[in-house]
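>>> Sharing a sequence plus its predicted fold:
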Amino acid sequence: MASSLAYDVLVQPDLRELIFAYQAGVSCTLHHMLALYHQKLDQVQYLYHPDLSELVDPIRLRGYMLCRLIREGYCDEANELLDTFPGSNDIRLPSRLAPLLRWTIDSAAKHRNLALIKRLHARGLGAASVRAMDLAAEHGDLAIVEFLHTHRREGCSKIAFKKAKKHKEVLAFLKANRPNDARIRPPVYGEPKVPLSHVLTCAIQ
């Protein structure tokens, strides 16, 4: 009887969640987000969907989650995910990921988060297009523009020069360092300026 009562107590969902919250692993916040995405994926039967089937792999699911967090502006949670899984093979982006999610550096630039941009670049998680520098120029984020110019090769488009007119330091930097980009047509969001295979193998400097 005692063993049966103990079993009945331990299998209670509320108690189990409370116990697991104090075990080594992801935080309660990340646990909630992971559970949320799992639930969403279950709803579209991801086990049988060609674009989502690889998310059965936890490493790929983390990559998908990272891209979604950044895209949707949850930069603090994205940084926490990177902290929780710091290994080079702990997070991988799904190979069939939609372009709008894959351009993580574009999304991080949109949310003006230089620290996150540096981490994504250093770990090779995601890609960038000219829109990253275009957005940074529009926001007047000179530090992001300088980092992308120094460490990435996508450059910017003529949109950056147009939007930077309200930010004299940024405009001066672009004219001095990327004058040829003033003639580049802005791509459709997510369309890379260089082939995807080249973007994903961009050398870490």
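Structure's in. What do you need?
>>> switch to C-alpha atoms for all contacts and neighbour counts from now on
Noted.
>>> Is the closest residue to W103 other than its chain neighbours in a helix, a strand, or coil?
Counting by C-alpha to C-alpha, 6 or more residues apart in numbering, W103 lies nearest to A127, which is 4.6 Å off, once chain neighbours are set aside. At A127 the chain is in coil, as set by DSSP: H, G, I helix; E, B strand; the rest coil.
>>> Next up, phi/psi of I91, please.
As for I91, its main-chain torsions (degrees, to the nearest 10) stand at phi -130, psi 130.
>>> That one contacts D57, doesn't it?
No - taking contacts as C-alpha atoms under 8 Å, I91 lies outside contact range of D57: 10.3 Å.
>>> higher neighbour count, these two?
I91 (22 against 11; other C-alpha atoms under 10 Å).
>>> And the more buried one, how far from K110?
I91 sits 22 Å away from K110, taking C-alpha to C-alpha, to the nearest Å as the criterion.
>>> check which helix or strand covers A176.
helix 168-177 (DSSP states H and E).
>>> Buried ones in that helix, by neighbour count?
Using 16 or more other C-alpha atoms under 10 Å as the test for burial, helix 168-177 gives 170-171, 173-174.
>>> Could I get those in a markdown table, plus columns for pLDDT?
Shown next, in a markdown table, are those (pLDDT from 0 to 100):
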| residue | pLDDT |
| --- | --- |
| V170 | 99 |
| L171 | 98 |
| F173 | 99 |
| L174 | 99 |
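>>> from the residues you listed, which single one is nearest A137?
V170 (6.3 Å; C-alpha to C-alpha).
>>> and the closest one, what does it touch?
137, 140-142, 145, 164 (C-alpha atoms under 8 Å, 6 or more residues apart in numbering).
>>> Which ones among those residues map onto helices?
Members of these lying in helices (criterion: DSSP state H): 137, 142, 145.
>>> Compare the residues you listed and tell me which is most surrounded.
Neighbour max across the ones in helices among the contacts of V170 (other C-alpha under 10 Å) = A137, 30 neighbours.
>>> residue contacts, that residue?
So A137 contacts 145, 160-161, 163-164, 167, 170-171 (C-alpha under 8 Å, 6+ apart).
>>> any idea how far L82 is from R92?
11 Å.
>>> One more: C75?
18 Å.
>>> How far off centre is the helix ranked longest in the chain?
Longest helix in the chain, counting residues (DSSP H): helix 28-43. Taking the mean of its C-alpha atoms, helix 28-43 sits 17 Å from the chain's own mean (C-alpha atoms, centre = their mean, to the nearest Å).
>>> Equivalent analysis for stretch 89-101, please.
From the chain centre to the centre of stretch 89-101 is a distance of 9 Å (C-alpha atoms, centre = their mean).
>>> quick one: the helices in this protein?
Using DSSP H, helices in the chain cover 2-10, 13-20, 28-43, 58-71, 75-84, 99-102, 104-110, 114-123, 130-139, 142-151, 158-163, 168-177, 196-200.
>>> Many thanks, have a good one.
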